[in-house]
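Student: model the following, please.
(chains A and B)
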Amino acid sequence: MSDLHDDAIEALLRKQFDGAVPDDGFSGRVMQRLPAHRRHRTWPLWVGALAGTAACFESLLSAPLLHIGWRDWAGGELSASAIVLLSAIAGMSLLACWWSIAEADDR
Amino acid sequence: MTDSPAEARIDQALVIRARLGNDHRAFEQLLRRHQGMVRAQLHRLLHGDHAAADDLAQEVFLLAWRKLDQFRGEARFSTWLYRIAYSCFLQACRKRSWPTGDADDGEVERLPAPPYAVDLQLDVERAMQRLSLAEQTVLLHCVQLGLSHEETSYVLAMPLGTVKTHATRGKAKLKAWLAPWHEANDKERIS
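Tutor: Model prediction:
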């Protein structure tokens, strides 16, 4: 028996594929549903992010935990406050990393 | 089926026009250039359910319009559209529980050689449907839509090695299942 080659199989598969579907009004229907403006307003996102950061900074500034944690960390002492601070930073980095991966995946 | 570099450049120019000027006409040209193959891809993925495939294709192009800023030109525009279409298909499968047409992953057994060559296409169709879903999907993109292994890997979000494995296995199964046709052909040539 002579073997069927990859080329022969590919030719059969291509022949079996119907190819591009005729338009038949499809494009017109899509164009009717297309929103007039594509651009998203990005300023609310930035305003929200800035307001959130400011609020976070404001509330943490008065909390002793941040100061103690920072002082202990700078002094090389791994106290509970320093661990909390480090965990918070690690958590935020992980979230940022996950967000970037999700955004990249979307593309 | 595969776009030439010139076609890719036209797509790129149309994308820039559509993106910068919010130009509906540029997008309409892109839509008209690519709707046929995207719909063909979805028809195949949905095993010939034309109405569902067209509904999904509409969603694909509306999504492409919304996400046009995210097209960076790293892949061809058609490949980018196939990727959106494939992820819309997967989402729709999860939502609507469409039959995935999962198949016979078992070992090869040959289809009996039918007497007439006109039946060959039917047998190819039957053989395709007996492949596992992953093999069918990879062969659809690699062979029928004419994408490279790398492009298929991008569209299906599947590692390159897995794409190559599915393509090789799928073809090997088809070869074995369709061998009687080949033998019949050989005999005809000899006699």
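
Student: ok, now which ones touch B:T79?
Tutor: With contacts defined as C-beta atoms under 8 Å, 6 or more residues apart in numbering or on different chains, the neighbours of B:T79 are B:147, B:151, B:154-155. Every residue, glycine included, has its C-beta placed from N, CA and C.

Student: one more time with 6 Å
Tutor: B:E151 (C-beta atoms under 6 Å, 6 or more residues apart in numbering or on different chains).

Student: buried ones in the helix or strand hosting it, by neighbour count?
Tutor: Taking DSSP states H and E as the definition, one finds B:T79 inside helix B:77-96. Neighbour-count burial for helix B:77-96, counted by 16 or more other C-beta atoms under 10 Å in any protein chain shown, picks out B:77-89, B:92.

Student: out of the residues you listed, which one sits closest to A:A88?
Tutor: B:S87 (34.0 Å; C-beta to C-beta).

Student: coming back round to it: is the helix or strand following the helix holding B:T79 up against chain A anywhere?
Tutor: Scanning forward in sequence from helix B:77-96 by DSSP H and E, the next helix or strand is helix B:120-130. Yes - between helix B:120-130 and chain A, judged by C-beta under 6 Å from any C-beta of the partner chain, the touching residues are B:121, B:124.

Student: show the average pLDDT along the next helix or strand along the chain from helix B:120-130.
Tutor: Along the chain past helix B:120-130, the next helix or strand (assigned with DSSP H and E) turns out to be helix B:133-139. Mean pLDDT, taken over the full extent of helix B:133-139, equals 94.

Student: tell me what helix B:133-139 is packed against?
Tutor: In this structure, helix B:133-139 packs against helix B:160-177, with contacts taken as 3 or more C-beta pairs under 6 Å, 6 or more residues apart in numbering or on different chains; DSSP states H and E.

Student: tell me which parts of chain B are close to chain A?
Tutor: Taking C-beta under 6 Å from any C-beta as the measure of proximity, chain B contacts chain A at B:22, B:28, B:31-32, B:35-37, B:39-40, B:58, B:61, B:65, B:70, B:121, B:124, B:143-144, B:171, B:174-175, B:182-183.

Student: quick check: ChimeraX command selecting the buried ones in those.
Tutor: Those of these that meet the burial criterion (16+ other C-beta under 10 Å) are gathered into one ChimeraX selection, given here:
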select /B:28,31,35,36,37,39,40,58,61,65,124,143,144,171,174,175,182
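
Student: mind listing which of the residues of chain B next to chain A are in strands?
Tutor: When the residues of chain B next to chain A are checked against strands (DSSP state E), there are no matches.

Student: return the subset of the residues of chain B next to chain A lying in helices.
Tutor: Within the residues of chain B next to chain A, residues falling in helices by DSSP state H are B:28, B:31-32, B:35-37, B:39-40, B:58, B:61, B:65, B:121, B:124, B:171, B:174-175, B:182-183.

Student: in which helix or strand would I find B:R44?
Tutor: With elements taken from DSSP H and E, the one containing B:R44 is helix B:24-45.

Student: show me what that helix is packed up against.
Tutor: If contacts are counted by 3+ C-beta pairs under 6 Å, 6+ apart, helix B:24-45 sits against helix A:26-33, helix B:5-21, helix B:50-66, helix B:77-96.

Student: average pLDDT for that helix?
Tutor: Model confidence over helix B:24-45 averages 95 on the pLDDT scale.

Student: picking that back up, in TSV: the buried residues of helix B:77-96, plus pLDDT.
Tutor: As requested, those are arranged in TSV below (pLDDT from 0 to 100):
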residue	pLDDT
B:F77	94
B:S78	94
B:T79	95
B:W80	96
B:L81	96
B:Y82	97
B:R83	96
B:I84	96
B:A85	97
B:Y86	96
B:S87	95
B:C88	95
B:F89	95
B:A92	92
